[in-house]
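> Here's a sequence, model it:
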Amino acid sequence: MNKLEVLHFPDKRLRKVAEPVKNVDQEIKNIIDDMFFTMYEEKGIGLAATQVNIHKRIIVIDISENKNEKIFLINPEILLLSDETDDMEEGCLSVPGFYETVSRPKTIKVSSLDYEGNLKEFHADGLLATCIQHEIDHLNGKLFVDHISTLKRNRIEKKIVKLKKDGALASRKSMPNYKSAT
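I've put the predicted structure just below:
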């Protein structure tokens with residue numbers, strides 16, 4: 001497995017809309033394996049292919065504490081969104097070190113392809129629903145910072161550009177843990 005480079009906001013490649021996967025073949029399975037490896041190495045709970053400069057509709061998630069409950073979605077689509085919402089603090093491997101509260105539907109119904117290319121549907125709620133929506137946003141060229149005020153987004157962008165310029169993003173261990181962009 002290979003560790004893939006995670007793109008950082010405001011990289012324009014994060015704004016590219018991902019293309020549907022036409023065929024679930026060994027190449028796609030290898031991409032999924034590399035994405036899981038990268039996500040675990042970066043200490044994330046979700047990763048969209050767009051974040052690693054692969055513009056295919058693939059996401060990987062593992063919200064378990066022991067990191068042993070892999071979920072992958074190929075060509076995910078949200079079929080249903082609840083009217084009830086949850087406010088959760090979100091972070092992102094592409095916006096490292098920054099966390100903001102985002103309001104999203106609490107329950108969703110999702111469809112995606114499995115390893116054999118068969119369509120599956122399921123319901124998700126809570127953290128899993130939030131994570132799926134966050135990662136699907138990436139596939140559509142959106143980031144969680146698009147759900148917050150322009151002022152906060154601009155502050156985060158300036159801080160990340162400075163961190164990148166200072167070389168702090170090359171080694172995330174040296175990064176401050178900003179709980180708020182304000």
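> going forward, measure contacts and count neighbours with C-alpha atoms only.
Noted.
> What segments of this structure are strands?
For the chain, applying DSSP state E gives strands covering 46-48, 58-61, 71-81, 85-92, 95-105, 107-113, 119-125.
> Most tightly packed of those strands?
Among those, ranked by average contacts under mean count of other C-alpha atoms under 10 Å, first place goes to strand 46-48 (a mean of 28).
> and it, which strands flank it?
Strand 46-48 pairs in its sheet with strand 58-61 (antiparallel), by DSSP bridges.
> mean confidence for the partner strand?
Averaged over strand 58-61, pLDDT sits at 99.
> so how far is it off the chain centroid?
8 Å (C-alpha atoms, centre = their mean, to the nearest Å).
> How about stretch 132-147?
Per C-alpha atoms, centre = their mean, the centroid offset for stretch 132-147 relative to its chain is 7 Å.
> Helices of the chain, start to end?
Ranges of helices in the chain, per DSSP state H, are 26-41, 126-139, 150-165.
> Flag the shaky bits of this protein, pLDDT-wise.
170-182 (pLDDT under 70).
> what number of residues lie near the residue nearest to residue 94 when sequence neighbours are not counted?
Distances taken as C-alpha to C-alpha, 6 or more residues apart in numbering place residue 8 nearest to residue 94, at 4.3 Å, with adjacent residues excluded. By other C-alpha atoms under 10 Å, 21 other residues sit near residue 8.
> picking that back up, just the helices of the chain: most buried one?
Mean neighbours per residue, mean count of other C-alpha under 10 Å, is largest over the helices of the chain for helix 126-139, with a mean of 23.
> helices or strands next to that helix in the packing?
Other elements packing on helix 126-139 under the criterion 3 or more C-alpha pairs under 8 Å, 6 or more residues apart in numbering; DSSP states H and E are strand 46-48, strand 58-61, strand 95-105, strand 107-113.
> Including distance to residue 119, could those go into JSON lines?
Putting the helices and strands packed on helix 126-139 into JSON lines (distance: least, C-alpha to C-alpha, whole Å) gives the following:
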{"stretch": "strand 46-48", "distance to residue 119": "19"}
{"stretch": "strand 58-61", "distance to residue 119": "14"}
{"stretch": "strand 95-105", "distance to residue 119": "23"}
{"stretch": "strand 107-113", "distance to residue 119": "5"}
